[in-house]
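1. Below: sequence and its predicted model.
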Amino acid sequence: MILDKTFPPDPRVENEALELIKNGHDIFLFCLGYQTDLEEETIHEIKVKRYPSNKLDYKLSALSYTVPFYKLIMSRKIAHFLLENEIEIVHIHDIVIADAVFRANQALQLPVVLDLHENRPEIMKSYPHLSKFPGNILISPKAWKKKETELVSKADKVIVVTEESKQELVARSGESKDKFVVVTNTVKRSFYEDYSVEFSILEKYKNKFVLLYLGDTGLRRGLMSSIEALGIICEDKEMKALVKLVIVGENSSDDLLKKKVTELDLDEVVDFEGWQDERLFPSYLKAAHIGLSPLHRNLHHDTTYANKLFQYMSFSIPLLVSDATAQQNLISQVNSGLIHEEKEAGDIAEKIMQLYNDPALSNELGQNGKQFIEDKFCWEKVSRTLKDLYLEFETR
């Protein structure tokens, strides 16, 4: 496996590696190290090999598809890694380092799996540094998208996170759908079966109707509309005394969200909890009545899932999500929540009240989500497609 950053942490990389190890594979992980890191160590049977890196390398990675310096630097290190460890199959995590891997693999011609964690070219459009000089001149999402299509054509197999992403790439690249495998980020059984409870959190919210948001709070995630919806709901004084929006996560744009909260006189209604240890997530989930994912629509959000969806469902929480394509399709298929129009505070408020006023519906939706995770969509079920992919290589 090839990773363009430090390890740990990286839950997707670790989960995939451990699943393949269970299936009898030896996993060697190329990653980057800095002065204080061990060059080599074994973590849960993953043989981690760290290659020296620095701030310049990191800055050059953003220019991977503008100038060739990053590719040239990394390809030498990767070539050493492939030869030194007698690698048989190369699994590239995301596209930043992918061009360097293909260069390093020119002589060896090893089978290559390209694992696309997200729609990187689309998500780059929302990066603040790409909207101003010099980023807007040096870094082109359009060039990255063209390169991604080229890399897909070079790979033997491509892993994506949703069926929608697969469909988009098949249409864009012209490659056979058989080249693509869907491996979704979701929760392990241990997340919802083996956890401890922080009772102070349950006590804090025991008399409240809790709307929970987990994760990054960047403006494209849609929380501004949820706060505006809360403003509508809290025109009713009884609801204002009862409802709580609990936000577990943060972003540099949080000042704008907090300003809106103050403008709407909701300071007592919205709790900004910031980033919390993941071990506390189950306690917040047990306190919640609705799980929110109000994403704005764009090609990235339309073709990926937020992991919070599966965290909510694993704790039997009904969802309220925007009509971003992938999550709308999922929630409709499972019947585990309600769907609102993106950025429409009135629609969000209406759907919140629908769930509040109909406990039987909320319970049914929550139970549907829980059953879906247990029967079909926990990591232990989803990862079978990853194992089957590598079985294909063994039988060639």
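-> Nice, I can see it. Numbers count the residues shown, from 1 in each chain.
2. quick one: average confidence on the helix ranked longest in the chain?
-> Ranked by number of residues, the top helix in the chain under DSSP state H is helix 69-84. For helix 69-84, the mean pLDDT works out to 96.
3. Now do that helix: which elements does it pack against?
-> Where contact means 3 or more Cβ pairs under 8 Å, 6 or more residues apart in numbering; DSSP states H and E, helix 69-84 is packed against strand 28-33, strand 46-52, helix 55-61, helix 98-104. C-beta: built from backbone N, CA, C; applies to glycine.
4. What count of nearby residues applies to the residue nearest to Pro294 when sequence neighbours are not counted?
-> Among residues not flanking Pro294 along the chain, Gly222 sits closest, at 3.2 Å (Cβ to Cβ, 6 or more residues apart in numbering). Neighbour count of Gly222, defined by other Cβ atoms under 10 Å: 25.
5. isn't Gly222 right next to His296, touching?
-> Yes - under the criterion of Cβ atoms under 8 Å, Gly222 makes contact with His296 at 5.3 Å.
6. Over to Ser53: give its phi and psi.
-> Recorded main-chain torsions at Ser53 are phi -140, psi 170, according to degrees, to the nearest 10.
7. Quickly note the distance from it to Leu32.
-> Separation of Ser53 from Leu32 (Cβ to Cβ, to the nearest Å) stands at 4 Å.
8. What mean pLDDT does stretch 386-396 get?
-> Averaging pLDDT along stretch 386-396 gives 88.
9. My error: substitute stretch 194-212 in the last question.
-> pLDDT averaged over stretch 194-212 gives 97.
10. How far does that stretch stretch from one end to the other?
-> 21 Å (Cα to Cα, to the nearest Å).
11. Now that stretch: buried residues?
-> Tyr195, Glu198, Ile201, Lys204, Tyr205, Lys208, Phe209, Val210, Leu211, Leu212 (16 or more other Cβ atoms under 10 Å).
12. and Ala143, what does it touch?
-> Tyr65, Thr66 (Cβ atoms under 8 Å, 6 or more residues apart in numbering).
13. which parts of stretch 226-238 are buried?
-> For stretch 226-238, by 16+ other Cβ under 10 Å, it's Ser226, Ile227, Glu228, Ala229, Leu230, Gly231, Ile232, Ile233, Cys234.
14. no wait, stretch 248-267
-> Those would be Val248, Gly249, Glu250, Asn251, Ser253, Asp254, Leu257, Lys260, Val261, Leu264, Leu266, for stretch 248-267 by 16+ other Cβ under 10 Å.
15. Stretch 61-72 too?
-> Within stretch 61-72, the residues scored as buried using 16+ other Cβ under 10 Å are Ser61, Ala62, Ser64, Tyr65, Tyr70, Lys71.
16. Report how many residues lie close to the nearest residue to Ile89 once chain neighbours are set aside.
-> For Ile89, ignoring the flanking residues on the chain, the nearest one in space by Cβ to Cβ, 6+ apart is Pro111 at 5.0 Å. By the criterion of other Cβ under 10 Å, Pro111 has 16 neighbours.
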